[in-house]
Structures are given as C-alpha cells and as structure tokens.
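[1] Quick one: sequence plus predicted model below, questions after.
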Amino acid sequence: MTHHCSVKEAMKLIHHSFDGDKRKLREFIENVDVAFELVHPSKHEVFLKFVKTKITGDARLKLMVRDLTHTWALVKGILEENYEIRRTLDFYACKMFSAPKRNTRMWTLGEAELMKYRLN
C-alpha cells in the first residue's frame, strides 16, 4: 500500500523559495520532485499552485510570461532552461589543467617494451 501525504506536509519538504539563484536550482527541483512523489496524483494540480508560490523574483517573472505552466514537468523545464548552470568546454579544460599534478611518468610504447625485457 502506497502512503501519500497531504499538500501541507509535502510543502514542508520545500525548505526554501527559488528566486533564480542558479546554485540553488538543483536543491529546489530535487525537493519538489520528492514532494510530488509523496502527494496523491489527484492532488498534483493543487500542489503545483503551492509550489509556484515558492518561486519568486526573476524566476517568477520567467514563469509568468509562459503559458505552459500547468504541470510540474513544464515548470521544471522552464526553470532548467533559464537557470541551470551550463558548463562549457573551457570550464572543464581549466579544471583539468589546474588539477594538482601527480608525480607520474608517461611511458612511451618503446620504453615500456624495453622495461619488460629488463625485468625478465
């Protein structure tokens, strides 16, 4: 038997509002996803209205100019489209080149073959 919680209880899982801060988007979305899983599907429409009240500031404006915000999937898509942190190739290249260097040596194929014969 699946246990569902009330909309009021589910709202307690959404600790903070989302105002467009990209660093807080993942936490907000994950909390709302979990809350939707716990609310009975027949209450999703009402619950979404409560969730939308937790979206404030610039993020709220982004939703208001869109017509398609009648499901959590659509709202979530708009938030991700506008606020998800996108990593560029430059970001990963800088991360790789700034990583601490290990004291290891790259062996060429010839050196590896030579070492194999010396050890035997």
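    In hand now; what should we look at?

[2] What distance do you get for the closest residue to I14 other than its chain neighbours to D67?
    The shortest distance from I14 to any non-neighbouring residue, by CB to CB, 6 or more residues apart in numbering, is to N31 (4.9 Å). In this view, the C-beta of every residue, glycine as well, is placed from N, C-alpha and C. N31 sits 26 Å away from D67, taking CB to CB, to the nearest Å as the criterion.

[3] Burial check on the residue nearest to I14, number of neighbours?
    By other CB atoms under 10 Å, 19 other residues sit near N31.

[4] now do K62
    A total of 18 residues lie near K62 under the criterion other CB under 10 Å.

[5] Kindly report the same for W72.
    19.

[6] That one and P41 touch, don't they?
    No - if you go by CB atoms under 8 Å, W72 and P41 don't touch, sitting 11.4 Å apart.

[7] quick one: contacts for the residue nearest to I14?
    Counting by CB atoms under 8 Å, 6 or more residues apart in numbering, N31 touches 13-15.

[8] Any of these buried? List them.
    Buried members of those, counted by 16 or more other CB atoms under 10 Å: 13-14.

[9] so which of the contacts of N31 comes closest to S6?
    Lowest distance from S6 to the contacts of N31 (CB to CB) belongs to L13, with 11.7 Å.
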